[in-house]
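Engineer: structural data only, the sequence is not supplied:
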């Protein structure tokens, strides 16, 4: 009897499978595979490459990271950021004017096919045209002061909001539209309560892309006529004061990345409110 029990226990030990290892990754593995872990790896690699390149090539080619940090402080002490703030003020004015023009036009183009047929050829043509090639014409028309810089920002920032708004309105769920028509809803109320809320993620995405282009536009506009922040960049670059050059460029890049992340978060929050369906125009 005892021998039988011993043999039975041995069979059970043989047949019992080993406990499998926990398939869940560790906390470090989850962080590395996550969004911020990947960004940390990429940005960390860029910082290391920057520092090594600066040390190998020397200060004539690129400043080291400590020198750039010192350059940020020097730029603040010299009042360069007041010039940058003035440039940003003009950029914001141009960007807001671009949205005032682009979003209503995009909504009309998405809602009415006649508006699409009327404006789409011009919008598409100007979208693929090199914006820099039009700057001499803008200088002739507006001069080189406030109006010129604002108009260039409008030129750069206009197209993504208008095209994204048109796409979002065009693909709003047509069942909601037909239901609203059945209850004799006015066109203005349909725009306000159906089309614009339904297309809101598209609109915010267009605003986000347009804001990135407006940063590009104000820098190019000022470099073209050597004024404002553009003048600081041109002088620092030509005189090889690269710590100041990189400091100003990094501040502009940081502002652009920060505002882009804020708008991306807003876009994610608005996605549940999107009411998209098959394409439809009248």
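Structural biologist: Arrived safely, thanks for sending. Given the structure is predicted, the values throughout are model-derived calculations rather than measurements.
Engineer: what's around residue 271, how many residues?
Structural biologist: Using other Cβ atoms under 10 Å, the number of residues around residue 271 comes to 10. For the C-beta atoms, the positions are set from N, CA and C on the backbone; glycine is no exception.
Engineer: helices or strands up against whichever strand or helix holds residue 102?
Structural biologist: In the assignment (DSSP states H and E), residue 102 maps to helix 80-111. Counting by 3 or more Cβ pairs under 8 Å, 6 or more residues apart in numbering; DSSP states H and E, the packing neighbours recorded for helix 80-111 are helix 113-128, helix 146-157, helix 159-170, helix 200-225, helix 228-238, helix 242-270.
Engineer: now the ones you listed as TSV including distance to residue 107 and mean pLDDT?
Structural biologist: Below are these laid out as TSV (distance: least, Cβ to Cβ, whole Å; pLDDT from 0 to 100):
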stretch	distance to residue 107	mean pLDDT
helix 113-128	9	89
helix 146-157	17	92
helix 159-170	5	90
helix 200-225	9	90
helix 228-238	34	87
helix 242-270	16	86
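Engineer: in TSV, list the ones you listed along with mean neighbour count and distance to residue 37.
Structural biologist: Below are the helices and strands packed on helix 80-111 laid out as TSV (neighbours: other Cβ atoms under 10 Å; distance: least, Cβ to Cβ, whole Å):
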stretch	mean neighbour count	distance to residue 37
helix 113-128	13	36
helix 146-157	23	33
helix 159-170	25	30
helix 200-225	22	24
helix 228-238	18	34
helix 242-270	16	17
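Engineer: nearest to residue 50, of those helices?
Structural biologist: Evaluated over the helices and strands packed on helix 80-111, closeness to residue 50 peaks at helix 242-270, with 9.2 Å, by Cβ to Cβ.
Engineer: by how many degrees do that closest one and helix 228-238 diverge?
Structural biologist: Orientation check (axes from the mean of the first three to the mean of the last three Cα atoms, to 10 degrees): helix 242-270 against helix 228-238 gives 140 degrees.
Engineer: give me the helices and strands touching helix 242-270, please.
Structural biologist: By 3+ Cβ pairs under 8 Å, 6+ apart, helix 242-270 packs against helix 65-77, helix 80-111, helix 200-225, helix 228-238.
Engineer: tell me which residues in the first one are buried?
Structural biologist: Taking 16 or more other Cβ atoms under 10 Å as the neighbour-count basis, helix 65-77 is seen to contain the buried residues 68, 71-72, 75.
Engineer: and for that helix, what's in contact with it?
Structural biologist: 47, 50-51, 54, 59, 63, 81, 242-248, 250-251 (Cβ atoms under 8 Å, 6 or more residues apart in numbering).
Engineer: and stretch 101-121, by the same measure?
Structural biologist: Taking Cβ under 8 Å, 6+ apart as the rule, stretch 101-121 contacts 123, 154, 157-159, 161-170, 191, 195-196, 199, 203, 206, 210, 281-282.
Engineer: try it again at 10 Å.
Structural biologist: 123, 154, 157-172, 177, 187, 190-191, 195-196, 199, 202-203, 206-207, 210, 279-282 (Cβ atoms under 10 Å, 6 or more residues apart in numbering).
Engineer: domain-wise, how is this structure divided?
Structural biologist: For the chain, automatic domain parsing gives the domain ranges 23-58, 63-273.
Engineer: host element of the residue nearest to residue 64 when sequence neighbours are not counted?
Structural biologist: Among residues not flanking residue 64 along the chain, residue 54 sits closest, at 4.4 Å (Cβ to Cβ, 6 or more residues apart in numbering). If you go by DSSP H and E, residue 54 is part of helix 35-57.
Engineer: list the buried residues of that helix.
Structural biologist: For helix 35-57, the neighbour count (16+ other Cβ under 10 Å) marks 50, 54 as buried.
Engineer: how far does that helix sit from the chain's center?
Structural biologist: 22 Å (Cα atoms, centre = their mean, to the nearest Å).
Engineer: can you give me the angle that helix makes with helix 65-77?
Structural biologist: Orientation check (the same axes, to 10 degrees): helix 35-57 against helix 65-77 gives 100 degrees.
Engineer: need the per-residue pLDDT for the residue nearest to residue 64.
Structural biologist: Residue 54 is assigned 81 on the pLDDT scale.
Engineer: wait, what's in contact with it?
Structural biologist: Contact analysis of residue 54 by Cβ under 10 Å, 6+ apart lists 61-68, 242, 246.
Engineer: closest to residue 147 among the residues you listed?
Structural biologist: Within the contacts of residue 54, the smallest distance to residue 147 is 30.8 Å, found for residue 246 (Cβ to Cβ).
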